[in-house]
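Colleague: What follows is a predicted protein model with its sequence.
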Amino acid sequence: DAGITQSPRHKVTETGTPVTLRCHQTENHRYMYWYRQDPGHGLRLIHYSYGVKDTDKGEVSDGYSVSRSKTEDFLLTLESATSSQTSVYFCAIRAGTLNTGELFFGEGSRLTVL
Amino acid sequence: AQTVTQSQPEMSVQEAETVTLSCTYDTSESDYYLFWYKQPPSRQMILVIRQEAYKQQNATENRFSVNFQKAAKSFSLKISDSQLGDAAMYFCAYRSADDKIIFGKGTRLHILP
């Protein structure tokens, strides 16, 4: 157990509303990642963070923003949700030994945008 | 930008047999890490095996091994003595020097009893 919790685990919202997903870790890891998983697309990197207030874009960052004001929390925000953002969102922390940096994943947050 | 390609959306193997899942990647970097992750129906992602690009020796973890061909940018996963519990989605992943970790689209592996 890598001490990662995602909230909410399930959310249904309407197009145009803002949504924030939270990823919380208890082990003080520096690197955190947000992915979305869709059938036929695998996991696609949205944003990642390499420290407090240090974030960078991933493969599919349009329509998403992130914030990391403290080590343990990495927030993903959809400013105005669209139906194309219906997905399962996974947070991950990078841990592992010898700097190989394996990822440990949260349980996922299923978001439905109507 | 780096890309990861898994050309086999689905594969099937008989229980106790051996199967190889393919992965190719595109990069201009010389130092990087490669991974295989497994996602069973529970949806929890599990690391199967990792490979450092500077190591020529192929990584092995019990029944799982890789064939890492750096020049060809190929990183295949071999599963020996396949078991029913191996049924899952398998994702190949690449970690770049700027700490991005990107995944392929996955291969769904079916184990036939």
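Modeller: Right, received. Where do you want to start? In this text the structure is predicted, and so the values were computed from the model without any measurement. Numbers count the residues shown, from 1 in each chain, chains lettered A, B, ... in the order given.
Colleague: From B:R50, how far off is the residue nearest the centre of chain B?
Modeller: Geometric centre of chain B, nearest residue: B:W36, 3.5 Å, by CA atoms, centre = their mean. Using CB to CB, to the nearest Å, we find B:W36 at a distance of 8 Å from B:R50. (Glycine included, C-beta is placed from N, CA and C.)
Colleague: about what we covered before: quick one: the residue nearest to the centre of chain B and B:C92 touch, right?
Modeller: Yes - distance between B:W36 and B:C92: 5.9 Å, which falls inside the contact criterion (CB atoms under 8 Å).
Colleague: any shared contact partners between those two?
Modeller: Between them, B:W36 and B:C92 share the neighbouring residues B:21, B:23, B:75, B:77, with contact defined by CB atoms under 8 Å, 6 or more residues apart in numbering or on different chains.
Colleague: biggest separation within those residues, which pair?
Modeller: Using CB to CB, these reach their maximum pairwise distance at B:L21 and B:F75, which is 9.7 Å.
Colleague: and the two? which has more neighbours close in?
Modeller: Between B:L21 and B:F75, B:F75 has the larger neighbour count (other CB atoms under 10 Å in any protein chain shown), namely 28 against 23.
Colleague: Is the more buried one part of a helix or strand, or is it coil?
Modeller: strand (DSSP: H, G, I helix; E, B strand; the rest coil).
Colleague: And the strands in the chain, which stretches?
Modeller: In the absence of a named chain, this looks at chain A. Listed in chain order, the strands found in chain A under DSSP state E are A:4-7, A:10-13, A:19-25, A:32-38, A:42-51, A:54-57, A:64-70, A:73-78, A:87-94, A:103-105, A:109-113.
Colleague: To clarify, I was referring to chain B.
Modeller: Counting by DSSP E, the strands of chain B are B:3-5, B:10-14, B:19-21, B:24-26, B:33-39, B:46-52, B:60-61, B:64-69, B:74-79, B:88-95, B:101-103, B:107-112.
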